[in-house]
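K.L.:
Okay, sequence plus prediction incoming.
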Amino acid sequence: MKLLGRIFNFYLDASIHVALAILSLVWVTSSILNIPSDKNLFSFIFFCSIACYNFIKYGVEIKKYIRLGNPCHEYIRFFSFVCSGIATYHLFFLEWETILILGVLGLFTGLYALPVLPGTRNLRSLAGFKIVPVALVWAGTTVVLPVWAAGSALSWDVWIETIQRLILVLILILPFEIRDMKYDPPELKTFPRRYGMVKTKTLGILLIFLFFFLTLLKDETTQLEIVSKTLLSLGMGSILLITKKNQNKYFSVFWVEAIPIFWWILIWVLIGRGN
């Protein structure tokens, strides 16, 4: 059991879980927008996500993960280096236009993590701005990037899906924001620190309603999309309502981050039943 526990903790601590969540959202995009899958792009996104998240977690936000100041940290560092190499390999098989978009997304990631702005450490240091770069990068990576790589037009429905994905990420970040109230410095002025947990949850519920309502504004919707987003909205609402400041250590890092994975599994099951 101890060995299984160590493997599971490594799976979470090495950002494999969050990378799988990001990849699941890319798969969801392919299913909902009916675009072909690019194995090299999907592989790049997965392995690059691991490397980038580990850089941010154990570089920028090391205080939150201080328990990894042990040999496991060295294993994660080596694992991240290997993932960077694999991501670089798949990068060579992508089109230049796709690489250009990746560069823009990488720039946002860098601005979030690195001290490039006068008087501040990074975008994360700007009051009330912490979650915006994260949501933009996730939305761009999981919607705009695969659509562009597939040679599809950035249509009205694509932009609606992009806005929905941005809102989805904002909703999923709120439980982390509530958890991090005891870690984040006061100058960050995150929504929970400024307005409290009740108003944060109220905001989350409003965002869930907006997320679902935007589906109705699309030019083309399918039963698969409506059913899956209905169940997804109910699931996110339930998670948000039971979120508390003193969470179980696996609540956010496993269950909340698993929501995109469950969404992809739900779509896969619905497609299978439809056939």
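P.N.:
Thanks, I have it.
K.L.:
drop to CA atoms for contacts and neighbour counts, all remaining ones
P.N.:
Fine.
K.L.:
For residue 53, the count of nearby residues, please.
P.N.:
20 (other C-alpha atoms under 10 Å).
K.L.:
For it, which non-adjacent residue is spatially closest?
P.N.:
residue 15 (6.4 Å; C-alpha to C-alpha, 6 or more residues apart in numbering).
K.L.:
Make sure that neighbour is actually in contact with residue 56.
P.N.:
No - counting by C-alpha atoms under 8 Å, residue 15 stays clear of residue 56, with 10.5 Å between them.
K.L.:
Settle it for me: which of those two has more neighbours?
P.N.:
residue 15 (23 against 16).
K.L.:
In contact with that one, which residues?
P.N.:
With contact taken as C-alpha atoms under 8 Å, 6 or more residues apart in numbering, residue 15 is in contact with 49-50, 53-54.
K.L.:
dump the residue contacts of residue 46.
P.N.:
So residue 46 contacts 19-20, 22-23, 87 (C-alpha under 8 Å, 6+ apart).
K.L.:
got it, and residue 109?
P.N.:
Contacts of residue 109 (C-alpha under 8 Å, 6+ apart): 133-134, 137.
K.L.:
now what about stretch 131-144, what contacts it?
P.N.:
Contacts for stretch 131-144 (C-alpha under 8 Å, 6+ apart): 22-23, 25-26, 29, 45, 102, 105, 108-109, 112, 123-124, 154, 158, 161-163, 165-167, 169-170, 173.
K.L.:
For that stretch, list every residue counted as buried.
P.N.:
For stretch 131-144, burial by neighbour count (16 or more other C-alpha atoms under 10 Å) applies to 131, 133-144.
K.L.:
re the thing from before, turn the contacts of residue 109 into JSON lines, columns for distance to residue 244, secondary structure and pLDDT.
P.N.:
Compiled in JSON lines, those are given as follows (distance: C-alpha to C-alpha, whole Å; DSSP: H, G, I helix; E, B strand; the rest coil; pLDDT from 0 to 100):
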{"residue": "133", "distance to residue 244": "24", "secondary structure": "helix", "pLDDT": "79"}
{"residue": "134", "distance to residue 244": "22", "secondary structure": "helix", "pLDDT": "83"}
{"residue": "137", "distance to residue 244": "26", "secondary structure": "helix", "pLDDT": "90"}
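K.L.:
just curious, which of those is nearest to residue 148?
P.N.:
residue 137 (14.9 Å; C-alpha to C-alpha).
K.L.:
about what we covered before: let's have the buried residues of stretch 131-144 in a markdown table, adding distance to residue 81.
P.N.:
Formatted as a markdown table, the buried residues of stretch 131-144 follow (distance: C-alpha to C-alpha, whole Å):
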| residue | distance to residue 81 |
| --- | --- |
| 131 | 26 |
| 133 | 24 |
| 134 | 22 |
| 135 | 25 |
| 136 | 25 |
| 137 | 22 |
| 138 | 22 |
| 139 | 25 |
| 140 | 24 |
| 141 | 21 |
| 142 | 23 |
| 143 | 26 |
| 144 | 27 |
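K.L.:
Which residue comes closest to residue 258 once chain neighbours are left out?
P.N.:
Closest to residue 258 by C-alpha to C-alpha, 6+ apart is residue 21, at 6.3 Å.
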